[in-house]
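>>> One predicted model, sequence on top.
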Amino acid sequence: MGSSPSKGSKEPILSVITSPYIKSITLIKGGKAFLLQYHAETRSLYAALVANGYEELVRDGEVLRAARILTRLMRIIAKSTKSRYYSFTGVLKLDSSKITFKPYISPTSTATVIMDGNVILAEVPGLLRKKIKTSVDVEPALRHILKRMEKLLSGDDARLDDL
């Protein structure tokens, strides 16, 4: 009996990796992905939208700064919870004005990260409650990437650069 190909999650899945040498963001929705990897030792950066053999490099400064803020935030959460993990994955919930990210910080517990413009509220029940104001609007940057992912291979004549 063969298996059917996955159509992808209806909700976006975000994975943030923050290790001493590698910083990485992966955003997946509907068989399409945004990948960003930074290697500290070589100072090399790769950021692209990918799907079905298609690759488009991303050079948007706001998106890259938003990704850097997310990796720093996850490092703060990991340190405050004494997590031994480098990878934090969870579902993104999109509301009209905010995005909520609930990454697993251990096999049995999650953090809650609420992004609303340039304000981020991070909470781990009983351990951490932190409100951060950033110079970068993280929530709109994530929405921008999700919008570009929807356009990717949609057959529209509009170029992704025009968004």
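Arrived safely, thanks for sending.

>>> Specify the beta-bridge partners of the nearest residue to Ser44 once chain neighbours are set aside.
When the adjacent residues along the chain are set aside, Ser44 lies closest to Tyr38, with 7.3 Å between them (CB to CB, 6 or more residues apart in numbering). No exception for glycine: its C-beta is placed from N, CA and C like everyone else's. Under the criterion DSSP bridges, Tyr38 forms beta bridges with Lys23, Leu45.

>>> correct me, but Ile76 touches Val124?
No - the pair Ile76 and Val124 fails to qualify as a contact (CB atoms under 8 Å) at a distance of 10.3 Å.

>>> neighbour count winner among these two?
Val124 (19 against 14; other CB atoms under 10 Å).

>>> residues in contact with that one?
With contact set as CB atoms under 8 Å, 6 or more residues apart in numbering, Val124 has these partners: 77, 80-81, 105, 109, 111-112.

>>> Now do Ser80 against Thr71, distance only.
Going from Ser80 to Thr71 by CB to CB, to the nearest Å gives 15 Å.

>>> Show me the strands in this protein, by range?
13-18, 22-29, 32-39, 44-51, 54-57, 87-94, 99-106, 109-110, 112-116, 119-124, 128-133 (DSSP state E).

>>> ok, longest helix in this structure?
Here the longest helix in the chain is taken by residue count, with DSSP state H as the criterion, and it is helix 61-81.
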